[in-house]
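> Following is a predicted model, sequence given first.
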Amino acid sequence: MSIETKHNLNYFRALVYHTMTTTKKRPTTYLKILMCLFMATSAFDSFAQIFQGGSKEIGYQIGTSYYLGDLNPSNPLAVRQHVVQGGYFRHNINSRIGIRLQLLQGTIEAWDEDSKNAWSQNRNLHFRNKLVEFSVSGEINYIDHVMGNTDHRLTGYLTAGIAYFTHDPEAMDSYGNWHPLQPLGTEGQGWTFGNDPYKLNGIALPFGMGFKVNLGPAIAFQMEWGLRKTWTDYLDDVSTSYVNPVELRQARGELALEMADRILDLPDELSTSQGLQRGDSGLDDKYGFFLASIAFRVSKKPTSCWEQ
């Protein structure tokens with residue numbers, strides 16, 4: 001905070017305090033407003049002081065993505081891997097606590113044919129989904145850690161926050177071309193009563209853990225595992241049951257039918273897949289990343305007053 005800003009805040013608080021202590025009458029609406037402003041300026045001053053101290057870093061991240069959902073219920077490693085890239089800005093409030101702004105871009109992909117489950121193999125679905133995520137997270141170091149400090153080179157940490165993401169699931173047709181799935185309404189979204197199209201953006205709760213190690217006076221290396229809790233079951237375009245194939249073809253065309261129903265062997269007693277389970281609507285999808293990063297300090301070396 002600048003000296004001029006500090007002077008103005010101090011002058012304003014002094015004026016409010018003088019008004020509060022010299023008023024003889026019962027508190028009025030005017031006085032209550034002044035009291036609120038007094039508390040607000042104090043909070044602003046404290047918040048500004050937090051971001052004035054500490055060190056600041058920027059980092060580049062690269063890694064791989066994974067997904068947990070209808071096509072891969074439990075194993076983060078049982079999906080097709082894609083490179084994830086991104087960057088972040090970190091403000092270290094002190095040697096134990098930091099705040100991070102992060103932007104990541106990556107792809108998740110899974111195929112039933114890769115599953116060891118016979119039912120999933122027979123369902124024969126697949127998807128890929130390009131994700132873009134912006135998040136704000138807090139970090140807590142296990143021990144005191146300052147970039148460039150030779151006494152504490154290595155620490156583990158925990159992180160959690162909130163994220164906004166966009167996505168767009170796709171699948172491949174029989175000719176090898178990829179098509180967006182949301183406009184096709186493969187489970188009746190957008191063309192059956194009360195079944196709206198799912199959103200291509202949302203809020204997620206990212207959390208994870210990792211470690212960071214100092215490599216020099218102003219550079220550090222970091223490894224992190226993270227998972228994102230979402231409130232959508234359509235990262236993979238699979239959630240409920242198969243719809244009537246004739247109605248789907250009439251509403252969305254032959255491509256929609258191809259993308260919605262790829263069952264290899266239909267039970268002999270059934271003529272269509274209508275009503276059969278396609279996914280599990282009781283569990284929302286999740287995604288996550290394994291990331292390595294290089295961070296660089298972009299502020300002056302922190303002083304010993306907050307390094308302790």
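On my side now, so go ahead.
> Could you report the distance from the nearest residue to Pro217 once chain neighbours are set aside to Phe89?
Nearest non-adjacent residue to Pro217, counting by Cβ to Cβ, 6 or more residues apart in numbering: Gly148, 4.3 Å away. In this view, the C-beta of every residue, glycine as well, is placed from N, C-alpha and C. Gly148 is 18 Å from Phe89, where distance means Cβ to Cβ, to the nearest Å.
> Ok, Tyr242 next?
Per Cβ to Cβ, Tyr242 is found 46 Å from Phe89.
> With neighbour numbers in mind, choose between those two.
Between Tyr242 and Phe89, counted using other Cβ atoms under 10 Å, the more crowded position is Tyr242 (21 against 15).
> Sketch out the low-pLDDT regions of the stretch 151-300 of the chain for me.
300 (pLDDT under 70).
> now the helices for it?
Assigned by DSSP state H, counting those that start in this stretch, the helices in the stretch 151-300 of the chain fall at 245-252, 254-260.
> Domains in the chain, by residue range?
Segmentation of the chain into domains, based on automatic domain parsing, reads 1-52, 55-307.
> Check the ones you listed for me and report the most buried one.
domain 55-307 (a mean of 17; mean count of other Cβ atoms under 10 Å).
> The residue nearest to Ile143 when sequence neighbours are not counted: what's it in contact with?
Once flanking residues are discounted, Ile143 sits nearest to Thr155: 5.0 Å by Cβ to Cβ, 6+ apart. Residues counted as contacts of Thr155 (Cβ atoms under 8 Å, 6 or more residues apart in numbering) are 141-145, 211-212.
> Sort out for me which of those are in strands.
By the criterion of DSSP state E, membership of the contacts of Thr155 in strands covers 141, 211-212.
> Local confidence estimate at Lys32?
With respect to pLDDT, Lys32 scores 51.
> again with Ile3
Ile3 carries a pLDDT score of 56 in this model.
> cool, Gln308 as well?
For Gln308, the pLDDT comes out at 35.
> Over to Thr150?
On the pLDDT scale, Thr150 gets 75.
> can I get the helices of the stretch 151-300 of the chain in TSV with distance to Lys229?
Shown next, in TSV, are the helices of the stretch 151-300 of the chain (distance: least, Cβ to Cβ, whole Å):
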stretch	distance to Lys229
helix 245-252	31
helix 254-260	27
